[in-house]
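Novice: Dropping a prediction and its sequence here:
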Amino acid sequence: MGISRDSVHKRRATGGKQKPWRKKRKFELARPAAATKLGAKRVHVVRTRGGNQKFRALRLDAGNFSWGTEATTRKSRIINVVYNASNNEFTRTNTLVKNTIIQIDSTPFRQWYEAHYGVEIGKKKTKKDEKAEGAAEKKKSKHVLATLKGRQEDRELDKALEDQFVTGRLYACISSRPGQSGRADGYILEGQELAFYVRKLAKKSGKKEKE
């Protein structure tokens, strides 16, 4: 018996059962879940109804992630899976599905931020660094310095995000469907959403310590 996507086997909203009035149909077929894991990229192409294609990602290790408040997107390496609301097993087995909370490498975003604003983040400054910064500013043209100064007027970096840059890892959420599109793209968590998941992770780690 194949996997089917029919609804005849389900009960009605009132609780009543439907009697099957036909057998399974080709257009109701389903396929096994992709269960995309964290690892070297491996994507299979699946032929679907109408000669169309789905891209079944079996393993992925990177994706394009958007930084909403800065309106920029960078390709970044996925480091690990930290939380999944639907199933704890997905966290344990590093399975990538839509809405999985992951940690990504912050380097591409840190480099962009430093180039765009001329401000270093994710580093504890020493006197040597300050001297090096002064020397680098002298090399920049007046036009570039004026541009950077203008950008810095509206610059705001969330404290929670800044702390993450120090660790070299950012919390992100996958918004694509790896088993359908063959990609693990998403966005960086910020603001209230980031605070919500930080609380969840703290609660989860607290339970582990008790055990």
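Specialist: Cool, the structure landed. Every value quoted in this text rests on a predicted model; they were computed, and no experiment measured them. Numbers count the residues shown, from 1 in each chain.
Novice: what about the longest helix in the protein?
Specialist: Counting residues, the longest helix found in the chain (DSSP state H) is helix 191-210.
Novice: Please enumerate the helices of the protein.
Specialist: Going by DSSP H, the chain shows helices at 88-92, 107-117, 127-139, 142-153, 159-167, 178-181, 191-210.
Novice: Enumerate the positions of the second one that are buried.
Specialist: Neighbour-count burial for helix 107-117, with 16 or more other C-beta atoms under 10 Å as criterion, is recorded at T107, P108, F109, R110, Y113, Y117. Quick note: C-beta positions are derived from backbone N, CA and C, even for glycine.
Novice: for the shortest one, same thing?
Specialist: Neighbour-count burial for helix 178-181, with 16+ other C-beta under 10 Å as criterion, is recorded at P178, G179.
Novice: Name the surrounding residues that touch it.
Specialist: Identification of contacts with helix 178-181 by C-beta atoms under 8 Å, 6 or more residues apart in numbering yields 33-36, 54-57, 60, 96-98, 184.
Novice: Return the member of the residues you listed nearest to N84.
Specialist: V97 (7.1 Å; C-beta to C-beta).
Novice: Distance to I79 and pLDDT added to the buried residues of helix 107-117, as JSON lines?
Specialist: Below are those laid out as JSON lines (distance: C-beta to C-beta, whole Å; pLDDT from 0 to 100):
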{"residue": "T107", "distance to I79": "11", "pLDDT": "92"}
{"residue": "P108", "distance to I79": "13", "pLDDT": "93"}
{"residue": "F109", "distance to I79": "14", "pLDDT": "93"}
{"residue": "R110", "distance to I79": "15", "pLDDT": "92"}
{"residue": "Y113", "distance to I79": "19", "pLDDT": "89"}
{"residue": "Y117", "distance to I79": "25", "pLDDT": "86"}
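Novice: distance of K203 from N87?
Specialist: 17 Å (C-beta to C-beta, to the nearest Å).
Novice: okay, the two: which has more neighbours?
Specialist: N87 (12 against 9; other C-beta atoms under 10 Å).
Novice: Listing request: residues of this structure with sub-threshold pLDDT.
Specialist: 1, 124-138, 207-211 (pLDDT under 70).
Novice: and the gap between A40 and A62?
Specialist: 10 Å.
Novice: List the buried residues for the biggest strand by length in the chain?
Specialist: Longest strand in the chain by number of residues (criterion: DSSP state E): strand 72-83. Within strand 72-83, the residues scored as buried using 16+ other C-beta under 10 Å are T73, R74, S76, I78, I79, V81, V82, Y83.
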